[in-house]
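>>> here you go, sequence then predicted model.
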Amino acid sequence: MISEPEMKDGSGFGPRDSAEVVSDLVERSPCRPLRRRPWLWALGGAAAASALWAATLLLLPPANHSPDPHGYRLDQESCKSARLASLQEALAPNSVPGTIGDELLRHPALDQVHCSLAFQKRVADKATGQGGHWSVTATVDISVALHKRTDPRDEFDADRRVTGSGVVTADQVRPVPGLGDEAFLIAEDMGHTELRVLDGAAVVTLSLSTTSYYESDADNDSADSVGEGPDLPGVSTYWPAMISDMRELMSDLTKRA
């Protein structure tokens, strides 16, 4: 039998220790269910929800991110059918444009068509009276890219200052409202300008370049002997005609579908 002094010397349970032990025993008693901490329930619920969400994603079909073609379809006749009536009137009303190149490229991700039309206008040499003459030639390049897998908008925005001859300044890019989803004109030096349009999955570009050259009717006749050629108008002169022909071209390309 344990005597009272032995209980007082610390070898037994004090009041504080007894409360802790009793409490622990109550929680571990086989007669009562164990009480889980609330945060354990929260963790379990979050884990179950994550697993369910992951399984749902695996079962769902992949999202379709293909751009809207807006009715465009390209074929071998897409460039040949371009009329460019407004540009012809502004450049050379009496000439019949000749097609320089016509190419259709097909790919699962991108269809492209490219062609060039040349307009030529003869200018009489009134300064020298010689038999030769000056001619003004305008070349219009048509390019249509139809994207089938990715939206071309980011690329279209990123390349707005990039041309075949280099990078232009920001003030050389002019927005064109009311044409496709987005459109802008690029004015370059040396008689070159571009009109680019984004319309759904299609990027349509009209490029115009003008130049002059001297054609001699005599062996001893040359451009050096007749002086400078005719003054060429600024490329902005042709912008209204380019915009008008672009609308017509876009309409023709969507009607072909």
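Sure, I can see it. Please read all numbers here as calculations on a predicted model, not as lab measurements. Numbers count the residues shown, from 1 in each chain.
>>> what segments of this protein are strands?
Secondary structure of the chain (DSSP state E): strands at 98-105, 110-124, 133-147, 162-163, 166-167, 173-175, 182-188, 192-199, 202-215.
>>> stretch 100-107: which residues count as buried?
Under the neighbour-count criterion of 16 or more other CB atoms under 10 Å, stretch 100-107 has 102, 104 buried. Every residue, glycine included, has its C-beta placed from N, CA and C.
>>> how about P175, nearest residue that isn't a chain neighbour?
F184 (5.1 Å; CB to CB, 6 or more residues apart in numbering).
>>> quick check: phi and psi at P93.
The phi/psi pair for P93 (degrees, to the nearest 10) reads phi -60, psi -30.
>>> confidence-wise, which of the strands of the chain is weakest overall?
Mean pLDDT across these is lowest at strand 98-105; the value there is a mean of 80.
>>> can you give the domain ranges for the chain?
Using automatic domain parsing, the domains assigned to the chain come out as 13-59, 85-255.
>>> and the residue nearest to P175, what does it touch?
160, 173-176, 195-196 (CB atoms under 8 Å, 6 or more residues apart in numbering).
>>> swap in L146?
L146 neighbours (CB under 8 Å, 6+ apart): 69, 72-74, 110-112, 201-202.
>>> if we use 7 Å, what do you get?
By CB atoms under 7 Å, 6 or more residues apart in numbering, the residues touching L146 are 69, 72, 74, 110-111, 201-202.
>>> ok, so of those, who is nearest E188?
A202 (23.3 Å; CB to CB).
>>> so L253 sits right up against S78, yeah?
Yes - using CB atoms under 7 Å, L253 is in contact with S78, at 6.2 Å.
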